[in-house]
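> test case, fold it:
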Amino acid sequence: MRRTLFLALAIVAAGVLAYLWTGGTYALGSLSLVMVWAIAGMGMVIIIGNTGQLSLGHAAFMGIGAYSTAMFIEWLPGVYAGMLVGTLVGLAIAIVFALLIGLPALRLRGYYLAIATIAFGVGIEQAIRAMPFPNPVFGIPHILRDVPAGYMRDITTFFLIAAIFLVFFTIGRVILRSPFGVKFRMIRDSEVAARSFGTNLTRNKLQAFVISAIFCATAGSLFAVTQGVLQPRTFGLIAAIDLLLIVIIGGAIMLEGGLIGSFVIVGLPALVLEEIAPAGSLTLIYGVLLIIFVVALPSGIATGLVLLWHRKLQRPYMSALRYVHRRLPARGTSVTTSRGAHMFYTEKGAGPPLLYIHGNTGSHRWFREVMDMPGYRTVAPDMVNFGRSDRIERADSIDLYADHVAAFIEALDIEPCYTVGHSLGGGVAMSLAMRYPQKVRRLVLIDPAPIDGMDLDDDYYALIEAIKQSYVGIKRAVARAMGSRSGDRRLNGLLAREALLMNEEGFVKHAEAVASLDLRERARGFRIPALVVHGGMDPIVTEEQSRRTAQALGAEMKVFGDIGHALPIEDPERFKETVALFDGP
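Modelled structure (predicted):
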C-alpha cells in the first residue's frame, strides 16, 4: 500500500512539473500515454523479469485490444457500451491467443522463444492489415468524450489513466507476492530447481504469459480511446522492441520499472528531446541515452535506485533519523550514577519500586503501556548504550550492564526493588540479582536470554551486520520481536527509531555477550523468588531454553501459547496481572 501511495504521489508530482515545464496540458497527454505503455511494460516485467521468458510478441496483444475496442465502438450503438464490450472481447481474444501461442512456444527458451513470439507478432500485424476495415483507423471516440475537448479533458484523462495504472500496479504486486509470483521467480532462476519443488513449468509459464497478455491488451484498449488513431505498424516489431527496451531500461524485476522505462522510451522524447534537440539529431541523442542507461545501470533504473538506496543512502538517512529522534522531547529525566554515567528513565505511580529492564535494541518505550501498575512506583530506565542514556566504551558484557543498573538503583534509592527483565534485559536482571542480591527482592524474567547462552553461528553475525546498516532491516527485526503486534506500524516505527539510538557496536557485541553467557554456577544457591515467563510463539528464545533457565534458578514458569517474544507489548493487561500476582501474598 505504501509503495502504491508513493507512486501515486510521484505521478501527481510529475504531472505538475510537466505542466509547469510546458505551460500547457499537452504534457499531461504525453504522461497519460506514458502510463498506458507502462501498463504493458508491467506485463513485460511479469513475463520477462519475473518468469525469465523472453517474449517479443506482446505488442500484438496491444494491437488485439486496441482494434477490438475500435471495432466494437463502431458496431455498437452506444459509445461507452462499445468501449466496454470491445475491451472485454479484446481481453478474451488476447487470452485465447496467449493460450494457443503460449502452449507450444513456451516449450522453447531464450532466443528461440523470442523468434517464435516475433513470428506471432508479425502475423497479427499482417492479419490486422488484411481485415476488411479502413487502415489507419481515425476518429475513435475519446474515453471522456462527454468532457469538452481542452485542458479539462486532458487533466481528467491524466487522473483517470493514473487511477487505472495504479489499479494494475496493485494487481501486479498482489500476483508477484502470491504463490504464483514465487513460482514464476523459481522458474526464472532455475527450471530444474523449480521442477524439483513440484512446480508445473508449462502451466506456470502459461499463467505468466496469459497475465502479461491481459496487461498488454488492456493497454491497447486504453491507447485506442485516448489517442483516437490506430494503424497496424503502431503494434508491429518496433513496438515489440520498445516494450523490451522499457523493461531493460526501467528494470526487469520491479513493476515500477515499467513506468520508469516507459517514461524514458515514450515520455522523454515527447516532453524534452523534441524541444531541445537540433533538427535531425533526435534519433542519435536517443540512442546515446539508451547506451548510457544500459551501461551505467545494467539492472535497470528502478533496480539501480533500490541498490543505491541500500548501499549508499541508508547510512546517511539513518544518521539523520537518529540525530532528529534523539533530540525530540521525551517524557522522563536523567540521573547521574556513582559510575559517572547519565541514565535516562521514566517513572510513574507511588509505592514499592518496580524496575523494568529492557532488551536488546530496546529502551523504556518497550514498557510504555505497562507503566501504570497500581500500588507500585514503576521505573523504566534506558540502560547505558541504549536510548537517551550515555554511551560507554564496552558493549560486550552483561555483568557491566548489571553494574550500571545497580548504580542506577543506588542513585534513585529504590533498593530492594521488584525487578522485571525482558530478553537481553533478562540476562542483565539475572546478573544483577546474583551479584547484588540485596538490591532485588523478586525477579520476573520475560523470554530472557538463556542462562547457559545461545548457539549463534557466523551466518547470524553476518545477518546482524547487514541489519544494522538498513533501517528496513531494523524495522523487520523489531517487528519480529513484537510478536503478535508486529502489524502495528506506528508502534513498530517508534521502536525501530528507538533501536537506532543504541550504540552501533552493540548490534554484534550484544549477540556475542548472549552467546557467551553462562550463569549456571552463580545460580547455585540462588534464593530470590523468581518467575520465568515464556511466549509459546517466541521466534527467538525456545521453550526448552526458558525451562533450563527456570530450572537453574529454581523458579516458577509460565507459558503463554498465544504470545511471542514481548508480553509487555503484546498483552499489557496480562503482563500487569502476571507481575502483580507473583508479588501477591
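> make it CA atoms for all contacts and neighbour counts henceforth
Will do.
> output the strand or helix carrying residue 472 as CSV, nothing but the C-alphas.
Taking DSSP states H and E as the criterion, residue 472 maps to helix 471-481. Below are the C-alpha coordinates for helix 471-481, written out as CSV (Å, rounded to 0.1, in the frame of the first residue of the first chain):
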residue,chain,number,x,y,z
TYR,A,471,16.6,0.9,8.6
VAL,A,472,14.2,-1.5,6.8
GLY,A,473,16.1,-4.4,8.3
ILE,A,474,15.9,-2.9,11.8
LYS,A,475,12.2,-2.4,11.4
ARG,A,476,11.7,-6.0,10.4
ALA,A,477,13.9,-7.3,13.3
VAL,A,478,11.9,-5.2,15.7
ALA,A,479,8.6,-6.4,14.2
ARG,A,480,9.8,-10.0,14.7
ALA,A,481,10.4,-9.3,18.4
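> and it, how far from the chain's centre?
11 Å (Cα atoms, centre = their mean, to the nearest Å).
> quick check, residue 419 in a strand?
Yes. Counting by DSSP: H, G, I helix; E, B strand; the rest coil, residue 419 is part of a strand.
> got the contact list for it?
With contact set as Cα atoms under 8 Å, 6 or more residues apart in numbering, residue 419 has these partners: 354, 355, 356, 357, 429, 440, 441, 442, 443, 444.
> and with 7 Å instead?
Applying Cα atoms under 7 Å, 6 or more residues apart in numbering to residue 419 gives the contacts 354, 355, 356, 440, 442, 443, 444.
> related to what we said a few turns ago, name the residues of the helix holding residue 472 that come out as buried.
Residues of helix 471-481 classed as buried by neighbour count (16 or more other Cα atoms under 10 Å): 471, 473, 474, 475, 476, 477, 478, 479, 480, 481.
> over to stretch 421-439?
421-435, 437, 439.
> okay, now the closest residue to residue 409 other than its chain neighbours: neighbour count?
Closest residue in space to residue 409, ignoring its immediate chain neighbours: residue 415 at 6.2 Å, by Cα to Cα, 6 or more residues apart in numbering. Neighbours of residue 415 under the rule other Cα atoms under 10 Å: 19.
> sorry, back to before: I'd like the contacts of residue 419 as a markdown table, with secondary structure, neighbour count and distance to residue 580 appended.
Compiled in a markdown table, the contacts of residue 419 are given as follows (DSSP: H, G, I helix; E, B strand; the rest coil; neighbours: other Cα atoms under 10 Å; distance: Cα to Cα, whole Å):
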| residue | secondary structure | neighbour count | distance to residue 580 |
| --- | --- | --- | --- |
| 354 | strand | 27 | 10 |
| 355 | strand | 26 | 13 |
| 356 | strand | 26 | 14 |
| 440 | strand | 26 | 16 |
| 442 | strand | 20 | 11 |
| 443 | strand | 25 | 12 |
| 444 | strand | 27 | 11 |
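> just give me the closest of these to residue 35.
residue 356 (54.2 Å; Cα to Cα).
> isn't the closest one right up against residue 420?
Yes. Contact criterion Cα atoms under 7 Å: residue 356 and residue 420 qualify, at 4.9 Å.
> let's verify residue 141: helix, strand, or coil?
coil.
> what's near enough to touch it?
Residue 141 is in contact with 225, 228, counting by Cα under 7 Å, 6+ apart.
> check the gap between it and residue 328 for me.
57 Å (Cα to Cα, to the nearest Å).
> repeat for residue 217
Residue 217 sits 52 Å away from residue 328, going by Cα to Cα.
> for the two, indicate the residue with more neighbours.
Between residue 217 and residue 328, counted using other Cα under 10 Å, residue 217 has the larger neighbour count: 35 against 7.
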